[in-house]
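Colleague: kindly generate the corresponding structure for this input.
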Amino acid sequence: MLHRVQDFIDRHQLLERTALHLVGLSGGADSVALLLILKALGYRIEAAHCNFRLRGDESDRDEQFVRNLCWLLEIPLHLIHFDTKSYAELYQVSIEMAARDLRYGYFRQLCQDIGAADVCIAHHRDDAVETLLMNLLRGAGIHGLTGIRPKNDIVRRPLLCLNRQEILQYLDSIGQPYVTDSTNLVPDVMRNKIRLQVLPLLEEIAPGATANIDRTANYLREAEQVFQAELNREMAELGGSSCDAVAIDRLLQLPSPETFLHEWLMPYGFNAAQTAQLMNCLDKTGSEFRSASHLLVVDRNQLVVEPVCQPMKSLKIPETGTYCAAEDMKLCIEEVEDLAISKSLDCATLDAAKVQFPLLLRPVQPGDRFVPFGMKGSKLVSDYLTDLKLSVLQKRRQLVLTDAQGAIIWLVGRRTDNRFRVSDETAKILRITIKHED
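Modeller: Prediction:
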């Protein structure tokens, strides 16, 4: 067994001989076996135990067992207690999710504090199969059907080459006791039902079912690499992995547009149902979809996505000076005798005598009109922005600066109003400059 685990570690490049590795130790059979195997293989390890205070005396029993085991093995132990129920109520998540968040948050911080390279978790092959089946029942895509990965960020899983029965036989062969979490013996939550009811039934129907499902997950991991390589190539052609706009006509030329959309939008928080709905709206300009963090708009031949942000509030400007228009933008307004006209898009130069305070900086509104510099007749701001081929989202973010009469004096960052232009009669210039801060 030690050789099998070492071969698995080497094949997947999980652990370094010279590094310090943290072991998540619950006291159960799997984590105890992991601790003993890594110690026997000569790795430098320390243990970490989380008491979630969910099972009363049983939680305290587990903690004491872990203390005694690490003392006997002369392995440094780190302990922490969590008020898991209060955390779950505060963040409105399930107890299982709360425990997971607390556990991995603690492991990450502890690795930094003690200089550990990673944290080793005792997931085995049966756990990977359970995860695959759970994801299958939830309608997961190819990524969800690859089981549990040997390594993910700082997490390492050296026991994925073993099944639960092999772990129990190993502990029995060396006479090593362990504790049992009674909640794992009750078929209440989905994972327990799969472990206690579904997998035994599958083994009865088709002996070796668990091993075969795990083998299928390995095949899918290989297929996933081919899939990801092709997806990355298509993403690069359409604008890069972090692109915020995709041309619809090019999208529809792909072998599977919906799959591409799902993979592109998933990091932005959009789900599979929204992707399917979006596929039916590709020809409906103005259609919008929201995730918790982003907004997607169908804009002519484009899909445009950007972070959701609060619309800017109007800013009243009573006189010259410097004003904070947003967290990263200031507006500097000054009267100067230098009559040089600025050519920068971030600076407007107007005839000071023609501008009446107070000014108002605000988002563009439907029906706004102005006289673009160099023209005589007025034009709808929306039409002007359309002529510039701006997206719907860019139009919504557009700001205008108006005078005391409500007339637009500057389409901010784009064009001044011809009625306020500098002429031969101009004595002073009102210079308005946008300053973006890092």
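
Colleague: against Gln112, how distant is the closest residue to Gly115 other than its chain neighbours?
Modeller: Nearest residue to Gly115 in three dimensions, chain neighbours excluded: Leu20, at 6.0 Å (CB to CB, 6 or more residues apart in numbering). Where you see a C-beta, it was placed from the backbone N, CA and C, and this is true even at glycine. According to CB to CB, to the nearest Å, Leu20 and Gln112 sit 12 Å apart.

Colleague: and what of Leu315?
Modeller: Computed as CB to CB, the Leu315 to Gln112 distance reads 42 Å.

Colleague: what about the chain, any weak spots by pLDDT?
Modeller: 239-243, 438 (pLDDT under 70).

Colleague: please redo it, this time with the cut-off set to 80
Modeller: Scanning the chain for pLDDT under 80 picks out the ranges 139-141, 235-243, 300, 309-312, 326-328, 391-393, 436-438.

Colleague: specify the local secondary structure of Thr275.
Modeller: Following DSSP: H, G, I helix; E, B strand; the rest coil, we place Thr275 in the helix state.

Colleague: would you confirm that the residue nearest to Gly115 contacts Glu46?
Modeller: Yes. Applying CB atoms under 8 Å as the test, Leu20 and Glu46 come out as touching, 6.7 Å apart.

Colleague: what's the overlap in contacts for those two?
Modeller: Residues touching both Leu20 and Glu46 (CB atoms under 8 Å, 6 or more residues apart in numbering): 114, 116.

Colleague: residue contacts, the closest residue in space to Arg396 that isn't next to it in sequence?
Modeller: Closest residue to Arg396 apart from its sequence neighbours, by CB to CB, 6+ apart: Pro363 at 7.2 Å. Contacts for Pro363 were tallied using CB under 8 Å, 6+ apart; they are 311-312, 314, 396-400.

Colleague: swap in 10 Å and give it another go.
Modeller: 311-314, 395-400, 412 (CB atoms under 10 Å, 6 or more residues apart in numbering).

Colleague: how much space separates it from Ala48?
Modeller: Distance, Pro363 to Ala48, using CB to CB: 51 Å.

Colleague: repeat for Thr210
Modeller: Thr210 is 29 Å from Ala48, where distance means CB to CB.

Colleague: just Leu185 next, same as before
Modeller: Leu185 sits 25 Å away from Ala48, taking CB to CB as the criterion.

Colleague: these two - which one has more neighbours?
Modeller: Taking other CB atoms under 10 Å, Leu185 and Ala48 do not tie; Ala48 has more neighbours (23 against 10).

Colleague: is it fair to say the more buried one lies in a helix?
Modeller: No. Going by three-state DSSP, the assignment for Ala48 is strand, not a helix.

Colleague: excluding chain neighbours, what is closest to it?
Modeller: Using CB to CB, 6+ apart, the nearest residue to Ala48 is His78, at 4.5 Å.

Colleague: what of Lys428?
Modeller: Ala352 (4.2 Å).

Colleague: got a list of what that neighbour touches?
Modeller: Ala352 touches 320, 334-337, 420, 422, 426-431, counting by CB under 10 Å, 6+ apart.

Colleague: from the residues you listed, which land in strands?
Modeller: Using DSSP state E, the members of the contacts of Ala352 that fall in strands are 334-336, 429-431.

Colleague: of those, buried ones?
Modeller: With neighbours counted by 16 or more other CB atoms under 10 Å, these contain buried members at 429-431.

Colleague: with distance to Thr131 added, can I get those residues in CSV?
Modeller: CSV is the format used below for these (distance: CB to CB, whole Å):
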residue, distance to Thr131
Ile429, 67
Leu430, 65
Arg431, 62
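
Colleague: check the offset of the longest helix along the chain from the chain's centre.
Modeller: Using DSSP state H, we find that the single longest helix of the chain is helix 209-237. How far helix 209-237 lies from its chain's middle: 21 Å, per CA atoms, centre = their mean, to the nearest Å.

Colleague: and for stretch 152-170?
Modeller: Centre-to-centre, stretch 152-170 and its host chain are 28 Å apart (CA atoms, centre = their mean).

Colleague: same question for stretch 129-142.
Modeller: Stretch 129-142 sits 20 Å away from the centroid of its parent chain (CA atoms, centre = their mean).

Colleague: quick check: the nearest residue to Gln302 once chain neighbours are set aside vs Lys85, distance?
Modeller: Nearest in space to Gln302, with sequence neighbours left out and distances taken as CB to CB, 6+ apart, is Ala245 at 5.2 Å. Counting by CB to CB, the gap from Ala245 to Lys85 is 45 Å.

Colleague: the stretch 301-438 of the chain: helices as residue ranges?
Modeller: 381-387, 392-397 (DSSP state H, counting those that start in this stretch).

Colleague: which one of those lies nearest to Met235?
Modeller: Checking these against Met235 by CB to CB gives helix 392-397 as the closest, at 20.6 Å.

Colleague: what residues does the closest one touch?
Modeller: Applying CB under 10 Å, 6+ apart, the contact partners of helix 392-397 are 244-245, 285-288, 295-300, 302, 304-306, 309, 311-312, 363-364, 381-382, 384-386, 388, 390-391.

Colleague: go on, stretch 205-221?
Modeller: Contacts of stretch 205-221 (CB under 10 Å, 6+ apart): 125-126, 128-133, 136, 142-150, 160-161, 163-165, 198-203, 224, 227.

Colleague: same thing but 7 Å
Modeller: For stretch 205-221, contacts defined as CB atoms under 7 Å, 6 or more residues apart in numbering pick out 125-126, 128-129, 132, 142, 145-147, 163, 199, 202-203.

Colleague: among the residues you listed, which ones are in helices?
Modeller: Counted as lying in helices by DSSP H, out of these, are 125-126, 128-129, 132, 199, 202-203.

Colleague: closest to Gln64 out of the residues you listed?
Modeller: The closest of the ones in helices among the contacts of stretch 205-221, once distances to Gln64 are taken by CB to CB, is Asp126, at 27.4 Å.

Colleague: so what's the closest one closest to, chain neighbours aside?
Modeller: Arg164 (4.6 Å).

Colleague: partner strands of the helix or strand harbouring Leu79, with direction?
Modeller: According to DSSP states H and E, Leu79 maps onto strand 77-81. Strand 77-81 has the following strand partners under DSSP bridges: strand 44-51 (parallel).

Colleague: quick revisit: buried set for the longest helix of the chain?
Modeller: By 16+ other CB under 10 Å, the buried positions in helix 209-237 come out as 209-210, 213-214, 217, 220-221, 224, 227, 231, 234-235.

Colleague: repeat for stretch 188-196
Modeller: Residues 191, 194-195 are the ones in stretch 188-196 that count as buried (16+ other CB under 10 Å).

Colleague: show me what that stretch is in contact with.
Modeller: Contacts for stretch 188-196 (CB under 7 Å, 6+ apart): 130, 133-134, 184, 186-187.
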